[in-house]
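S.K.: Pasting a predicted model and its sequence here:
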Amino acid sequence: GEAFITEIEIPGSIAEIGNYAFQNCTALSSVTIGDGASGFGTGIFLNCTGIREATVPASAVSLLPKENLQTLTVTSGTIGAGALAGCAQLTSLTAPAVGVLGDLFGDTKGVLQSLTLTGCTEIAASAFAGFTALREIDLPDTITSIGAGALEGTAYFADEANWRFGVCYIGQYLFAASSGTEGYCPVGEGTKVIADEVFKNCTAITEISLPESLITIGASAFSGCGGLTEIAIPASVEQIGRSAFSGCSALTKVNYNAVSAADPGPGSDVFYGTGSASGDFAVVFGESVKSIPAYLFGDCVDLTGVTIGGNVTSIGSSAFRNCRGLKEIAIPASVTSIGEYAFSGCSNLTEVTIEAGVTSIGAYAFYSCSSLAEITIPEGVTSIGDRAFCNCSGLTEIKLPSSVTSIDSYAFSGCSSLTGITIPEGVTSIDSYAFSNCSKLTSVTFKNTEGWRHASTSTASGTEFASSDLADPSTAATYLTTTYVYDYWHRSAQTAGE
């Protein structure tokens, strides 16, 4: 080793560094390794305990002596678990991302004072927790989600200068709120992300305003805010976390303006238990909204009113599933698709108005809407999805438009109050069990009785019906509900409309 070498810079063009390359360079205090270097021998910096500053890719962190390292800049890659254990003097760390700091440092938590992240999109739950000396944190503009408790136990968290109106921010990110926050709580202008669980169980908050800069509302961010009566979700929001507003029992109105937020996912319970104490809970989708996310109000059993703006084009899967308090819904002409399970289980829904514009009604869309008595499906709809109106036991009248070409399996199965239906001339397929368990269906009028066949599979040619049989509404009903209920019915497009 060369005792007089104090600084080493290895460019990225050097692909490999040999064994013991800088062994015993005891005066070495600064090391820079370019991102291109990838082949590292053993003992490269053996006995170089004077290194205090290093700029290296994550793959080279393990090569560094840790005893006296004070400043570390990781230029690329992910720092491995335990890689910074023993860094008892490391006060400044710069890295693309860190996950949970405790996983990197182990028990050495009391020294780090400054952290700069350069390329991450999320901050993990408890990411910086317990780093008692950490008071300077610099975050990139790319973050879209922040886990709960990320700052707890840090010097930053303890500094009152970082709090406004009972809320702790790092730049455009809202990390924490005091459990004693009450009354009106304005979220700061420019805020992009509200971390998970920030206002959870802040029961004394009665009003909150969200800025137009907001992109993410974290999981359980407002869960249990039992005093909150109204919330407006701005157009800028792109992501709403699981259980974000669950348990907001006094909520009476949501003004939803998010243009096209991401689907929160199955079982997300975004508004679960919301409005349970108010008895009158409604949502208004504003004119800025283009799509209603899947699962958004799923299992919100106390939702009593929905107003859909005139620019909404799609209603996502399970968007209002099991909203048993909902009694009526009007779907405007702007909507072209109703997703599967969209209103499934809305057992008290009595009135559905679907304006012309919808072209597809998804599988299970109105499954088990047992209080629905009649429905008119508008012109433009071409297919009735699998089980779309299955178990709508109160349905007495269904009007199908001439645009319908297919009726999928079990589409009207279990419509036990239905007495008659007309099959438009454009229909070319009726799948198996489409009208099973329709015990009162005694009249089926086919507008075109020619060319119909039935088969045990959807691909088989099958056997042709006599046109005279299908011309008789009573016989046609018996065939559809009993005799050939198991079969797939189809006819060639050439006979449609003849």
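M.R.: Yes, it's here. Residues are numbered from 1 along each chain as shown.

S.K.: which residue ranges form the helices in the stretch 1-150 of the chain?
M.R.: Assigned by DSSP state H, counting those that start in this stretch, the stretch 1-150 of the chain shows helices spanning 101-105.

S.K.: so where's it uncertain?
M.R.: Within the stretch 1-150 of the chain, the segments meeting pLDDT under 70 span 1-3.

S.K.: Identify the bridge partners of the spatially closest residue to residue 239 that is not a sequence neighbour.
M.R.: Ranked by C-beta to C-beta, 6 or more residues apart in numbering and with sequence neighbours excluded, the top spatial neighbour of residue 239 is residue 216, at 4.6 Å. Just so you know, the C-beta spots here come from the backbone N, C-alpha and C atoms, and that holds for glycine as well. Here residue 216 shows beta-bridge partners residue 193, residue 239, assigned using DSSP bridges.

S.K.: Run a quick neighbour tally on residue 216.
M.R.: Residues within reach of residue 216, counting by other C-beta atoms under 10 Å, total 28.

S.K.: That one against residue 191, yeah?
M.R.: No - with contact defined as C-beta atoms under 8 Å, residue 216 does not count as touching residue 191 (9.8 Å).

S.K.: center of the protein - which residue?
M.R.: Of all residues in the chain, the one closest to the mean position by C-alpha atoms, centre = their mean is residue 264, 2.0 Å from it.

S.K.: what's the helix or strand for that one?
M.R.: For residue 264, there is no helix or strand it lies in under DSSP states H and E.

S.K.: Settle this for me: it is touching residue 299, isn't it.
M.R.: No - checked against C-beta under 8 Å, the pair residue 264 and residue 299 is beyond contact range at 11.9 Å.

S.K.: residues in contact with the residue nearest to residue 239?
M.R.: 144-146, 192-194, 237-241 (C-beta atoms under 8 Å, 6 or more residues apart in numbering).

S.K.: Distance to residue 362 and neighbour count for those - can I get that in TSV?
M.R.: Below are the contacts of residue 216 laid out as TSV (distance: C-beta to C-beta, whole Å; neighbours: other C-beta atoms under 10 Å):
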residue	distance to residue 362	neighbour count
144	29	14
145	29	18
146	34	29
192	33	19
193	32	26
194	32	28
237	25	22
238	24	15
239	24	20
240	22	25
241	25	22
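
S.K.: Relative to residue 225, which of these is nearest.
M.R.: Of all the contacts of residue 216, the one with the least separation from residue 225 (C-beta to C-beta) is residue 194, at 12.4 Å.

S.K.: circling back to that earlier point, kindly give the local confidence score, pLDDT, for the residue nearest to residue 239.
M.R.: With respect to pLDDT, residue 216 has a value of 98.

S.K.: swap in residue 180?
M.R.: The predicted local distance difference test score for residue 180 is 84.

S.K.: Can you say which helix or strand has it in it?
M.R.: Assigned by DSSP H and E, residue 180 belongs to neither a helix nor a strand.

S.K.: Next, count neighbours for it.
M.R.: By the measure other C-beta under 10 Å, the count of residues near residue 180 is 8.

S.K.: Am I right that it is in contact with residue 166?
M.R.: Yes - contact between residue 180 and residue 166 holds when scored by C-beta under 8 Å: they sit 7.0 Å apart.

S.K.: show me the contacts for the residue nearest to residue 271 when sequence neighbours are not counted.
M.R.: Leaving aside its chain neighbours, residue 271 sits nearest to residue 300 (4.3 Å; criterion: C-beta to C-beta, 6+ apart). When contacts are counted by C-beta under 8 Å, 6+ apart, residue 300 touches 271-272, 274-275, 281, 320, 322-323.

S.K.: From the residues you listed, list the buried ones, please.
M.R.: By neighbour count, with 16 or more other C-beta atoms under 10 Å, these hold 271-272, 274-275, 281, 320, 322-323 as buried.

S.K.: Let's have those residues in CSV, adding secondary structure and distance to residue 363.
M.R.: Supplementary listing: these in CSV, determined by DSSP: H, G, I helix; E, B strand; the rest coil; distance: C-beta to C-beta, whole Å:
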residue, secondary structure, distance to residue 363
271, coil, 24
272, coil, 24
274, coil, 27
275, coil, 28
281, strand, 28
320, coil, 15
322, coil, 16
323, coil, 18
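
S.K.: Turn the residues you listed into TSV, columns for pLDDT and distance to residue 428.
M.R.: Converted to TSV, the buried ones among the contacts of residue 300 look like this (pLDDT from 0 to 100; distance: C-beta to C-beta, whole Å):
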residue	pLDDT	distance to residue 428
271	95	41
272	94	42
274	92	44
275	89	45
281	94	43
320	97	31
322	96	34
323	96	34
